[in-house]
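Novice: Please find the sequence and the predicted model below.
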Amino acid sequence: MPTSAADVSHLLRRAGFGGTPAEIAALTPLDLPAIVDRLFDFSANPPRTPPSSLTDPASGDWLRHTDLRKWWLDRMRTAPAPLQEKIALFWHGHFATEATKVEHAVDTWDQNELFRTEGLGSFESLVHKVSLQVSMLVYLDNDRNYRNSPNENFARELLELFTLGVNQYTQDDVAATARAWTGHNVDFNAVPRRAYWFYPERHDTGNKTFLGVTRNWDGPEIITRVLTVEPQRSIAARFIAQKLWTYFAYSNPDSSLLDALTAQFVASSLNIGSLVRAIFLRPEFYSTTARRGLVRTPVEWVVGVLRATGLSAEETNPQWWMGSMGQQLFSPPNVAGWKNNAYWCNTTSLWARADFARNITWRARNAGFLHEIAQRSGTQHVMTPGAAIDFAYAKFGRDPAVEPVSGPVRQVLITWLQTQRATEFAPTYTWNLWAPINLTTMMMLCPDIVLA
């Protein structure tokens, strides 16, 4: 059974960063399960080669992280199967680490690669692996967690932010977890670079009581206990199901929906890909609530406008603005990562988006972006104001012929363009300079494009 173009467009925007008219048209003859299957096929994505500065001994860590930010934005922009990058972005916010504390961009790269390669696999395996990577060990101070001085930072976040959520454990559980993770540190003298290392002499081998069970717990056993034994397994499953639904669909899903997603996640032995497939196949995912349920994060918005204009992060340097927008890659505000939706609707973030949009506009103008709307045949424009505005919407992945856009906003843009054309200073020009320039800026900032 064919799928509506509106549903395909919505799905491509949420599972990636938007679809072109050609991409949408190619998928509409398929039924929804077949389309979702294609989203999970990453075979067309090119090999991942890190920026050259990561292995250049003359490059400082600031430059390496800057290059890595641009590299990832361009990867998101160009990957034929962008779900791989979209899920990596989710885990980057869930297992947040910060560049200036981690310091070594190669460790940041390792974590980013883990999210990309295993972000749709086993949740238990993902938690185990990210917990033993240098970036996490350093960021949450487990590199200095010794038996005579247990550090609770990683232990607390492992339970609260990474697996169970708030109020699902006790302070005694945190203390036991911290003791269990003693000795799981970092060898800072490893060659060719620092690496995870277990130091038996630093490990607390005494009995510890965790979730009511007293034994000589070791760190990784804590993860296995939480994610394989009830009721904690289902608590963790519900916690992750709600976060992923909120990331891909909308906030505050009702209990019955969460019950169904949690049951499917548990039945799959906490396979993340199974949960994401279930999300994309739920009818609620295509509801009006979902279609208007999310504000694009700065990363999603930047990638979307770069895709639309055909410009790259390498040539536009969006990282210069993204800190002010509120979402600099590899620099989350804290260990909890970034918030959703209304968090991005503030004057500082919007002004930064506007400033970046204007910078993009001039580069897009030089590349001839939207020049079609100003073309004439004699003294008449080829496109009517309405057709020109719809053409611009389509360029940004919101074709009004495919899915509804805001009627009042569209009318404001049409009226503006009518006025612009009426005041053109040279009716014999084949195209006018300012209409494409100003419309490019306005489209990037209009509500339909800011929404995901």
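Specialist: Arrived safely, thanks for sending. The structure presented is a predicted model; accordingly, all values stated were derived computationally and were not measured.
Novice: Now do the one helix or strand L227 maps to: everything it contacts.
Specialist: If you go by DSSP states H and E, L227 is part of helix 219-228. Residues outside helix 219-228 that contact it (Cβ atoms under 8 Å, 6 or more residues apart in numbering): 123-124, 127-128, 131-132, 158-159, 163-164, 177, 180-182, 184, 210-211, 213, 217, 232-233, 236, 270. No exception for glycine: its C-beta is placed from N, CA and C like everyone else's.
Novice: Distance check, the closest residue to G121 other than its chain neighbours against L32.
Specialist: Nearest non-adjacent residue to G121, counting by Cβ to Cβ, 6 or more residues apart in numbering: I272, 6.3 Å away. In this structure, I272 and L32 are 20 Å apart, going by Cβ to Cβ, to the nearest Å.
Novice: mind listing what's buried in the helix or strand where I235 lies?
Specialist: Using DSSP H and E, I235 maps to helix 232-248. By neighbour count with 16 or more other Cβ atoms under 10 Å, helix 232-248 contains the buried residues 232-233, 235-248.
Novice: now stretch 21-29
Specialist: Residues of stretch 21-29 classed as buried: 24, 27-28 (neighbour count, 16+ other Cβ under 10 Å).
Novice: Show residues contacting it.
Specialist: Stretch 21-29 is contacted by residues 2-5, 8-9, 12, 19, 35, 38, 394, 399, 402 when judged by Cβ under 8 Å, 6+ apart.
Novice: could I get it in PDB with only the CA atoms?
Specialist: C-alpha atoms of stretch 21-29 as PDB (Å, rounded to 0.1, in the frame of the first residue of the first chain):
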ATOM      1  CA  PRO A  21      11.200  16.100  -3.400                       C
ATOM      2  CA  ALA A  22      13.000  13.400  -5.300                       C
ATOM      3  CA  GLU A  23      13.700  11.400  -2.100                       C
ATOM      4  CA  ILE A  24      10.100  11.700  -1.000                       C
ATOM      5  CA  ALA A  25       8.700  10.700  -4.500                       C
ATOM      6  CA  ALA A  26      11.000   7.600  -4.500                       C
ATOM      7  CA  LEU A  27       9.500   6.300  -1.300                       C
ATOM      8  CA  THR A  28       5.800   7.100  -1.600                       C
ATOM      9  CA  PRO A  29       5.100   3.900  -3.700                       C
END
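Novice: quick one: the strands in the stretch 201-350 of the chain?
Specialist: Counting by DSSP state E, counting those that start in this stretch, the stretch 201-350 of the chain has strands at residues 208-210, 213-215.
Novice: Pick the most buried one from those strands.
Specialist: Mean neighbour count (mean count of other Cβ atoms under 10 Å) peaks for strand 208-210 among the strands of the stretch 201-350 of the chain, with a mean of 19.
Novice: P46 versus the nearest residue in space to V382 that is not next to it in sequence, what's the distance?
Specialist: Distances taken as Cβ to Cβ, 6+ apart put Q375 closest to V382, at 4.7 Å, once the chain neighbours are dropped. Using Cβ to Cβ, one obtains 35 Å as the distance from Q375 to P46.
Novice: Show me which of the two is the more surrounded one.
Specialist: Legend: neighbour count by other Cβ atoms under 10 Å for Q375 and P46, higher for Q375 (14 against 9).
Novice: so what's the more buried one scoring on pLDDT?
Specialist: pLDDT recorded at Q375 is 86.
Novice: What about the spatially closest residue to S53 that is not a sequence neighbour, how many residues nearby?
Specialist: Closest residue to S53 apart from its sequence neighbours, by Cβ to Cβ, 6+ apart: S59 at 3.9 Å. A count of neighbours around S59, defined by other Cβ under 10 Å, yields 16.
Novice: I'd say S59 and T66 touch.
Specialist: No. Between S59 and T66 there is no contact under Cβ atoms under 8 Å: 9.8 Å.
Novice: Mind naming the longest helix for the protein?
Specialist: In the chain, with assignment by DSSP state H, the single longest helix is helix 347-366.
Novice: Flag the shaky bits of the stretch 151-300 of the chain, pLDDT-wise.
Specialist: Along the stretch 151-300 of the chain, segments meeting pLDDT under 70 are nowhere present.
Novice: can you give me the helices for it?
Specialist: Counting by DSSP state H, counting those that start in this stretch, the stretch 151-300 of the chain has helices at residues 153-157, 171-180, 219-228, 232-248, 255-267, 272-281, 288-291, 298-309.
Novice: Can I get these in TSV including distance to W344?
Specialist: Shown next, in TSV, are the helices of the stretch 151-300 of the chain (distance: least, Cβ to Cβ, whole Å):
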stretch	distance to W344
helix 153-157	24
helix 171-180	32
helix 219-228	32
helix 232-248	14
helix 255-267	24
helix 272-281	22
helix 288-291	18
helix 298-309	7
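Novice: Fine, thanks again, bye for now.
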